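1. just a sequence and a predicted model for now, questions to come.
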Amino acid sequence: MQKINIHQIDFITSAAELKQLPADNGFEVAFAGRSNAGKSSTLNAIANRRQLARISRTPGRTQLINLFSVGEDRRLVDLPGYGYAKVSEEVKMRWQKTLGQYLQHRNCLKGIVLVTDVRHAFNPLDEQLLVWAQECQLPLHLILNKADKLKKNQQIKALRQAKDILKHDYDAQHSVQLFSALRKDGVEILLQKLTQWYFPEQEPAPPEE
């Protein structure tokens, strides 16, 4: 069975505009989320590296689309964080426009990983991303990061609430899991989801809770 080799994850390029992206073929999975949700930490956790994705002390500082190779014709895409950066409204609008164009027009995009902070409700841009995924018929996997900040019963409650929201308000094909980039809890489940998207011809592995 083919699967992602985390030791093969390598940086390819950064793009300020969509026209700078590699050719629109193969398989891409995009990571998106609010700037302080821990997206970079999540990427570093699944790659088991400290500096695969740069963690800025100023959330939202990175304004580029960063691409990483995870094997032949398979790429991981780190989209700019949104909603927190102390930048002008013009820059924020440009980020949002670029994000929307990428999600709606990138044919090789096979799935989206939305990283959120388990302690906070969806913000308007999280909700917009969920709507975009639904309209584009793209599967989305929701990461409830920073689960280590909550007690076990609080984690269970947050997971149940997120599942209910996805089921009733968005697409049934969306999935969700608890995650802790700090403790690397949930990494195997996330890698399993990525494998399904990168190698869709394979029989999916049994789901884990």
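-> Perfect, I can see it now.

2. just to check, Q63 is in contact with P80?
-> Yes: the pair Q63 and P80 passes the contact test of C-beta atoms under 8 Å, sitting 5.3 Å apart. C-beta: built from backbone N, CA, C; applies to glycine.

3. give me the longest strand you can find in the chain.
-> For the chain, the strand with the greatest residue count under DSSP state E is strand 109-117.

4. for that one, which strands pair with it and how are they oriented?
-> strand 27-33 (parallel), strand 140-145 (parallel) (DSSP bridges).

5. okay, and the common contacts of Q63 and P80?
-> W95 (C-beta atoms under 8 Å, 6 or more residues apart in numbering).

6. same for the helix or strand that the longest strand of the chain is followed by, what does it pack against?
-> Downstream of strand 109-117, the next assigned helix or strand under DSSP states H and E is helix 124-135. In terms of contacts (3 or more C-beta pairs under 8 Å, 6 or more residues apart in numbering; DSSP states H and E), helix 124-135 is packed against helix 89-105, strand 109-117, strand 140-145.

7. one step back: neighbour count: Q63 and P80, which is higher?
-> The residue with more neighbours, out of Q63 and P80, is P80; 22 against 15, by other C-beta atoms under 10 Å.

8. endpoint to endpoint, stretch 17-34 covers what distance?
-> 20 Å (C-alpha to C-alpha, to the nearest Å).

9. now it, how far from the chain's geometric center?
-> 12 Å (C-alpha atoms, centre = their mean, to the nearest Å).
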